Every structure is written in C-alpha cells, then in structure tokens.
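> Below is the sequence, then the predicted model.
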Amino acid sequence: MTDQALASRHSGDWRFWFNEQRGTLLALAVFVVMFVIYTSNHQAGFSADVVTTAANKGVLLALVAIAQTFVVLTAGIDLSVGMIFVLCNCVASYLVIGTALETALGIIGVLATGLACGALNGLIVIYGRLQPIVTTIATGAAFFGVALLIRPFPGGDVNEDLADFLTGQLPGGIPVSAVALLVVVLVIWIPFRKSMLGRVVYAVGSSEPAAYMSGLHIRRAKFAAYALAGLLAAIGGLFITFVTYTGEASSANANTYTLNSIAAVVLGGVSLFGGRGSAVGAIFGALIFRTIGDLLFVFDFDPLWQPLFLGMVLLVSVCLGSFRLIRLRNRLDLFG
C-alpha cells in the first residue's frame, strides 16, 4: 500500500471517529465553557470545595444518564430508572451499615436489587413484546411501591466512614466521586462498548430488522442493556445514600432523575432513535444540566422561575433529539 493510500485511509478513519464522537466532543466543550463561567462567578472561585460539591451533584445524574443510555441505544426508553434509583436508595439506607463485611454485603445487595429490576424490565419488553415506555411506566410504579413499603418515611443510616470518603477529596483536591465515575466508565462502559454484545446493541438500535436478518442475538443484547441500566441506577441510588446519609421514597426525586436523564443523553449526543451515541457523552450532558442549575443559583435567578427554566431546557433537549424525525418527509426512511 502506497504512502498516499495510507494517508487517505488514516484521514478517513479520523473523519469517521470525529463524526461518531461529535456529540460527545460538543457536550464536553459546552460543559467546560459553562463550568468556567460558573466558577468565575462563584464567591469561592475555582476551589477544591466548589469542584467537589459540583462533582458530587453531577455524578448522581451522570450515573442515571449512563443507565438511560444503555436502553436508548436499543431505540427504547426507560422511564423506571428514577424509580430504581430511589428504591436502591431506600434499600441502601437499611443494608449499607455496620462492619466492613456487613457494608460490603449490603452494597452487593443494593446492586443485586437494581440488576434484578433492570432484568425484569428486559424480560417483559423482550418476551411480553410490549413497548418499553409502557413497560417501564408500569414497573416503575411497582418499584416505587416497594420503596414506599421499605421507607414510608425518610430515615435510615449508612456507613459514615465510607460515605465521607466517597464524597470527599483525594490529595490535590481531586473529588473521589469523579474518580468513582471514571472507574464505572472503565470497568462497565468501555468493556461493554468494545464487546460483541455492545456492538449488537448498537446494531439493534440502528436497525433491528437488519440485525435480526444478520443472525445477531437481539434478545440477549436487549436483556443486557436493560439489566445494565438497572445496575447503573442502583449505583446512583447507592451514591445518593452516601451523599444524604439517609433513604427516602421520594416520587419527586424519581421523576426528576428520570426526566433529567433523558435530557442528559440528548445533550450528550445520544440519538433517541438508537444506535448512536456514547455513555461518555451522556455524562457530559448530565454535567451540563447540573451546571445550568448551578448557574441559575450563582446569578441569583428567582427560585420560583428555576423549575420553569429547567423544564424549557428539557423540552428543547428532547425536541433537538427528535429533530431528525421532523426533517424527514417519509417516516419510513427511518427504517431504511
């Protein structure tokens, strides 16, 4: 192969990579600009405490956004992620306490709860042949009912030493929560993305009929996506327990995290039609959404108007995610 051919091939590879990661790179750039504006106008400036507080809040939504990403990549949507998040928060407030061994077993129990919830969603969607939005609305209501049974009133406790560590700082002012999020990406997302199962998930989201005709294991891929979504929501529920030191079956929290996770994946460049996007982009989308709220606080925006403004951001995000459908003259082109 000649040097010119090699150069052309490498150029094509870079163009393909940039096109695939365009949404993630744009979300990263927007987040950096917004965070610089936020810290520049904060009374404490760009300090370790400000960054750690922002990281602790941002990681919560980022974990739920990653959970949503797994399902959205299959061209589905999970409206139960917030309920699983709250359910695991309530479970953690009972189990993640005591000695190191008891705490470890409690964490395993919380993760198993989220994994089981996600697996149940997957089984119903796959074998019940129901629409994901209908399925997850129903299961979400059931999950929230269980959370209310566990925690009819806010309360509980958590291993304070572990909570203080995970919400604190490493030497140099590095937030432990940000490192924990990085570990989640390295241990769960990247191996999944590079695996055959991950490729099948992308193929299913791009065109399920084509994936089926190619002999790919569609059911296995969908089941893995929903199960992993439950697992990531459980990690988020575990982390909010470390932040708040308590458990609460809050429908407001559940609905907020569900809707905001959808906005985060869209802001991060994940297509609502499936088959395109990355959990890394969804993370930056979540950080953007959180930073918008922080900017409203820093600029002393009227608290009564903040929910309306954030709701408009959510609406615009979903509309942008559906912009491709608006541009199509024939909706059958989506399946072409």
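Sure thing, it's come through. Numbering: from 1, shown residues only.

> what's near enough to touch the nearest residue to residue 206 once chain neighbours are set aside?
In this structure, residue 206 finds its nearest non-sequential neighbour in residue 275, 3.3 Å apart by CB to CB, 6 or more residues apart in numbering. C-betas here are computed from N, CA, C, even on glycine. When contacts are counted by CB atoms under 8 Å, 6 or more residues apart in numbering, residue 275 is found next to 73, 75, 202-207.

> how many neighbours does residue 168 have?
Neighbour count for residue 168, taken as other CB atoms under 10 Å: 12.

> Now it. Nearest residue, chain neighbours left out?
Leaving aside its sequence neighbours, residue 168 is closest to residue 176 (5.6 Å, by CB to CB, 6+ apart).

> how deep is that neighbour tucked in, by neighbour count?
Neighbourhood size, residue 176 [other CB under 10 Å]: 19.

> repeat for residue 300
The tally of other residues near residue 300 (other CB under 10 Å) stands at 7.

> Tell me if it really is in a strand.
No. Residue 300 is assigned coil when assessed by DSSP: H, G, I helix; E, B strand; the rest coil, not a strand.

> contacting residues for it?
Under the criterion of CB under 8 Å, 6+ apart, the contact list for residue 300 is empty.

> I'd like the numbering to begin with 4 instead of 1 from here.
OK, 4 is where the count begins now, so the last one is residue 303.

> and the gap between it and residue 119?
45 Å (CB to CB, to the nearest Å).

> what about the residue nearest to residue 209, which helix or strand?
For residue 278, there is no host helix or strand (DSSP states H and E).

> now do residue 28
Per DSSP H and E: helix 6-44 holds residue 28.

> and that helix, average pLDDT?
Helix 6-44 carries an average pLDDT of 72.

> what number of residues lie near the residue lying closest to residue 234 once chain neighbours are set aside?
Among residues not flanking residue 234 along the chain, residue 118 sits closest, at 4.8 Å (CB to CB, 6+ apart). When neighbours are counted by other CB under 10 Å, residue 118 registers 20.

> any idea how far residue 118 is from residue 191?
For residue 118, the distance to residue 191 - CB to CB - is 12 Å.

> excluding its backbone neighbours, what's nearest residue 178?
For residue 178, the closest residue by CB to CB, 6+ apart turns out to be residue 58, at 3.8 Å.

> My assumption is that the one you found lies in a strand; please confirm.
No. Counting by three-state DSSP, residue 58 falls outside a strand, being helix.

> And the strands in the chain?
172-173, 177-178 (DSSP state E).

> In contact with the nearest residue to residue 208 once chain neighbours are set aside, which residues are there?
What sits nearest to residue 208 in space, not counting adjacent residues and going by CB to CB, 6+ apart, is residue 277, at 2.7 Å. Residues counted as contacts of residue 277 (CB under 8 Å, 6+ apart) are 75-79, 207-209.

> Return the member of those nearest to residue 195.
residue 76 (10.1 Å; CB to CB).

> Low-confidence ranges, the chain, go.
The chain contains residues with pLDDT under 70 at 4-23, 306, 320-321, 323-339.

> Just give the nearest non-adjacent residue to residue 125, would you?
Of all residues not flanking residue 125 in the chain, residue 229 sits nearest, at 3.2 Å (CB to CB, 6+ apart).

> just checking, that neighbour touches residue 122?
Yes. Here residue 229 reaches residue 122: they are 6.8 Å apart, a contact under CB atoms under 8 Å.

> Compare these two (neighbour count), which wins?
Each of residue 229 and residue 122 has its neighbours counted (other CB under 10 Å); residue 229 has more, 30 against 18.

> residues in contact with the more buried one?
73-74, 81, 121-122, 124-125, 128.

> hmm, 10 Å instead?
Shown in contact with residue 229 (CB atoms under 10 Å, 6 or more residues apart in numbering): 70, 73-74, 77, 79, 81, 83, 118, 120-129, 135, 138-139.

> For residue 119, list the residues it contacts.
Neighbouring residues of residue 119 by CB under 10 Å, 6+ apart: 87, 230, 233-234, 237.
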